[in-house]
Every structure is written in structure tokens, then in C-alpha cells.
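Peer 1: the following comprises the amino acid sequence and a computationally predicted model.
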Amino acid sequence: MKSLKMRPAIARAQDKSRGSEWARTVSRVLRGGKRVAPSSTRGVDTRLTLVEHDLARTTEIVHRLDEAVEKLTEVNANVAKLLAVQEERMSRFMSDRKDDYAGLEELIKNNSDRIKVLERWMWIATGGGAIIGGLMSKGIGPLLNVFA
């Protein structure tokens, strides 16, 4: 059954291919034997046009990328300058802080010496007060009798 149905389809395809050859021959004869670009070159022309369009777009994209790279290079240079300035400011700030820290250490040392002197006098006064207080409470009477 299949073979019967397939036969007419195959026969029609063969007839169409014969017809297209015949049509090409007739068109050549009608044009006076001159060869005209067949329809297959029209497809090539179309493809060539598309490739040229794609090439133009690619060129435009490459140009934009070049501009972007130039701008990024400028930005990189500016960032490098800013970084150098900030690094210099930071080093100056750190040297100022070191000077301040050295001055602060010296101030602490001087104050520490002064506090030691004051503590010494405080302990001398406290000890003297304790001695005088003890003498006055118990032994001042006999001591005054000795001198009298």
C-alpha cells in the first residue's frame, strides 16, 4: 500500500526538478543566450550585505570599546594620582601623630615625676601627723614635765 502512495510523490518531485531545468533553459534562450546571475547568487548577495552590515556594527562596537578603554585609562590615572595624594596625607598624619605621641609620653613622664614628689611629701606629712597625734594623746604630759 505504501509503495503506491510513495510513487506519485516521487514522480511529482522528479517532474518538478525536470521542470526547473526546462525553465532555466527557456529563460536563457529568451535572454538571448546571455548568462544572468542565477537565483543562488542573489542569496550570496544577501548574505554579503548582511556580513557587511554586521562588519559595520562590529566596527562601531570596537570603536566604542576603544573609547571606553581610553576613558578607563584616564580614570585609572586619576585614581593613581588621588591614591598618591592620600598616601602622602596619611604619612604626614602619621608623622604628626608620632610627634604628638612622643610629646604626650614626655608629658606623662614629667607628670609622673611630679606625682612621685607630691606622694613623698604626703607620706612625710602623714607620718609626722601620726607621730604628733600619738604624742599628744599619751605622752605629752610627761614630756612637758621633763622640760619644765
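Peer 2: Nice, thanks for sending it over.

Peer 1: only C-alpha atoms from now on, for both contacts and neighbour counts.
Peer 2: Fine.

Peer 1: I'd like to know which helix or strand in the chain has the lowest mean pLDDT.
Peer 2: Of all the helices and strands that make up the chain, the one with the lowest confidence by mean pLDDT, DSSP states H and E is helix 2-30; it has a mean of 51.

Peer 1: after it, next one along is what?
Peer 2: helix 39-134 (DSSP states H and E).

Peer 1: break the protein down into its domains, please.
Peer 2: The chain breaks down by automatic domain parsing into domains covering 1-36, 38-137.

Peer 1: and those, which one's lowest on average pLDDT?
Peer 2: Mean pLDDT across the domains of the chain is lowest at domain 1-36; the value there is a mean of 51.

Peer 1: what about Q86, how many neighbours?
Peer 2: When neighbours are defined as other C-alpha atoms under 10 Å, Q86 has 12 of them.

Peer 1: give the contact list for it.
Peer 2: Contacts for Q86 were tallied using C-alpha atoms under 8 Å, 6 or more residues apart in numbering; there are none.

Peer 1: roughly how far does it sit from A80?
Peer 2: Computed as C-alpha to C-alpha, to the nearest Å, the Q86 to A80 distance reads 10 Å.

Peer 1: same check on N111?
Peer 2: N111 sits 46 Å away from A80, taking C-alpha to C-alpha as the criterion.

Peer 1: what of I115?
Peer 2: With the distance defined as C-alpha to C-alpha, I115 ends up 51 Å from A80.

Peer 1: same thing with R89?
Peer 2: With the distance defined as C-alpha to C-alpha, R89 ends up 14 Å from A80.

Peer 1: just L65 next, same as before
Peer 2: Between L65 and A80 the distance is 22 Å, computed by C-alpha to C-alpha.

Peer 1: again with D54
Peer 2: When C-alpha to C-alpha is applied, the distance between D54 and A80 equals 38 Å.
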